[in-house]
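In: Dropping the sequence and predicted coords here.
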Amino acid sequence: MADHGEGPLKRVSTMGYGDRSDEAYDQWAQDYEADLTKYGYLSPQLIADALQDYVGASATVVDYACGTGLAGVELASRGFTTIDGVDYSQGMLEFAASKTVQGRPVYRELLTVDLTATIPIEDGAYDALICVGAMGGGHLAPEHLPELMRTIASGGIAAFYMNAIAYEGDGFAKRFAALETAGHWQIISETPSNYMAELDRPGMLVLAARP
Ligand SMILES: C[S@@+](CC[C@H](N)C(=O)[O-])C[C@H]1O[C@@H](n2cnc3c(N)ncnc32)[C@H](O)[C@@H]1O
């Protein structure tokens, strides 16, 4: 049986579609990384490894729903130098702004944006995007993905890591396939794994290219 955890993790894992989670993350920001370390959070490493297999470290990357910057740190540790972060929780972004790897800031720029609305970034601005832990109730739904995909170049790579409870329960496989049919992306792979070493927490890594 998949485990929702407790406290703030449970709160943000059990929200409904259309609910906003920014206040919950603002309140959690201070303890977020300590809590996730306790749970053995693996998705940032998994996504950085996956992206590295498809694009070189000189690629420009946007980290959607970057939170406190854990995935950005993983990319910067693998040599990526141009990473921008976007999130709507100011509390989480304050921690992302303080992240450095080898004395260099991890993020070139951080934007406070609600990703369920129009994103103030030009078409094709980046070579790749990542989005970790931000699909499902209280977060993003498949219908928000075309707006994210729009911001990477044709042939650019998108790497999503999401909770597989939402993936299975909310019919994401079918909804993702519909996005492919509509021409928004070409799915490269959908790979399940556990993403919290200390909990039974199934996840799905989705890699796609912009047509
Ligand atoms: C579980 S955290 C993941 C943070 C980071 N990617 C990580 O792996 O540690 C989810 C993040 O998604 C952000 N988020 C959720 N819905 C959002 C939305 N509509 N617009 C922007 N950010 C959103 C939250 O503020 C939070 O920082």
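Out: That came through fine. In this text the structure is predicted, and so the values were computed from the model without any measurement.
In: ok, the residue in the chain positioned nearest to the ligand - contacts?
Out: Here the chain gets closest to the ligand at one residue, Gly67, 2.5 Å apart by CB to the nearest ligand atom. The way it works is simple: take the backbone N, C-alpha and C, and place the C-beta from them, glycine included. For Gly67, the contact set (CB atoms under 8 Å, 6 or more residues apart in numbering) comprises Tyr25, Tyr32, Asp87, Ser89, Met92, Phe95, Ala96, Val132, Gly133.
In: Quick check: which element contains it?
Out: For Gly67, there is no helix or strand it lies in under DSSP states H and E.
In: Next: the one 5 residues further on.
Out: If you go by DSSP H and E, Gly72 is part of helix 70-77.
In: and what of Leu179?
Out: Using DSSP H and E, Leu179 falls within helix 172-181.
In: from the middle of its chain, how far away would that helix be?
Out: 18 Å (CA atoms, centre = their mean, to the nearest Å).
In: likewise stretch 165-177?
Out: For stretch 165-177, the distance to the chain centre is 16 Å (CA atoms, centre = their mean).
In: for stretch 14-33, same thing?
Out: Computed by CA atoms, centre = their mean, the chain-centroid distance of stretch 14-33 equals 14 Å.
In: Now it: buried residues?
Out: Ser21, Asp22, Ala24, Tyr25, Asp26, Trp28, Ala29, Tyr32, Glu33 (16 or more other CB atoms under 10 Å).
In: can you give me the angle the top helix by length along the chain makes with helix 70-77?
Out: Longest helix of the chain, by residue count under DSSP state H: helix 22-39. Orientation note: helix 22-39 sits at an angle of 60 degrees relative to helix 70-77 (axes from the mean of the first three to the mean of the last three CA atoms, to 10 degrees).
In: Which strands or helices does helix 22-39 pack on?
Out: Applying 3 or more CB pairs under 8 Å, 6 or more residues apart in numbering; DSSP states H and E, one finds that helix 22-39 contacts helix 7-13, helix 90-97.
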